[in-house]
Every structure is written in C-alpha cells, then in structure tokens.
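**Q** starting from these lines, generate the structure:
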Amino acid sequence: DVIWAVHASLHHGVSHKEWGRLIATQETEVLHAYTRRVHASRSTSEEHQQQAEGVKQVDFLLKHTWFKGFVWLE
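**A** This is a model prediction of the structure:
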C-alpha cells in the first residue's frame, strides 16, 4: 500500500549525516516541528516514546505538507 509506505519511510529516524547537512536555522525549524509532533501525542506514554525515538524524517517536512490525491495512469 502506497500510503503506508510513505508513512513508514517518514517515520524513520534521522541519521547524524542528515542532521549534519542542516544549517543552524534549519536545525531550529526541525526541532520546532519535532516538538510540535511530540506534544501532539495522545497520551503521556506516547509522548515519552516519541521523545525517546528522537527527530524523524517527517520533522524535516516542517509545515510544508499537503496531499492532493492519486491519478490512475494507463
């Protein structure tokens, strides 16, 4: 399933190499996205789990996300 694959890939952790490519302002923006995601957790235990897992690929998207849909190609 395509949607599941996208979701799974965005929830992988960020490598030290990927983090090292960011400039200071990008680091700050990604950390804010991470904080927003963690605080949006449904429970305290989920919040602690999210904190333990750290920054993920999804945090690199910041607020620049939207889904338009799929188009069938033949």
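**Q** if I look at H16, how far off is F67?
**A** For H16, the distance to F67 equals 30 Å [Cβ to Cβ, to the nearest Å]. Glycine gets a C-beta too; all of them are placed from N, C-alpha and C.
**Q** apologies, that question was intended for Q49.
**A** Separation of Q49 from F67 (Cβ to Cβ): 25 Å.
**Q** residues touching the residue most central in space within the chain, list them.
**A** The residue lying closest to the centre of the chain (Cα atoms, centre = their mean) is V58, at 1.6 Å. Neighbour list for V58: L10, H11, A33, R37 [criterion: Cβ atoms under 8 Å, 6 or more residues apart in numbering].
**Q** the host helix or strand of T25: what's the following helix or strand?
**A** Assessed by DSSP states H and E, T25 sits inside helix 24-39. Counting by DSSP H and E, the element after helix 24-39 in chain order, helix or strand, is helix 44-53.
**Q** what sits up against that next one?
**A** So helix 44-53 is contacted by G13, R37, V38, H39, S41 (Cβ under 8 Å, 6+ apart).
**Q** again, only using 6 Å
**A** By Cβ atoms under 6 Å, 6 or more residues apart in numbering, the residues outside helix 44-53 that reach it are V38, S41.
**Q** hang on, the residue nearest to the centre of the chain in a helix?
**A** Yes. Under DSSP: H, G, I helix; E, B strand; the rest coil, V58 sits within a helix.
**Q** how much space separates it from V71?
**A** In this view, V58 and V71 are 24 Å apart by Cβ to Cβ.
**Q** how about T35?
**A** Here T35 is placed at a distance of 35 Å from V71 (Cβ to Cβ).
**Q** which one of the two has more residues nearby?
**A** T35 (13 against 5; other Cβ atoms under 10 Å).
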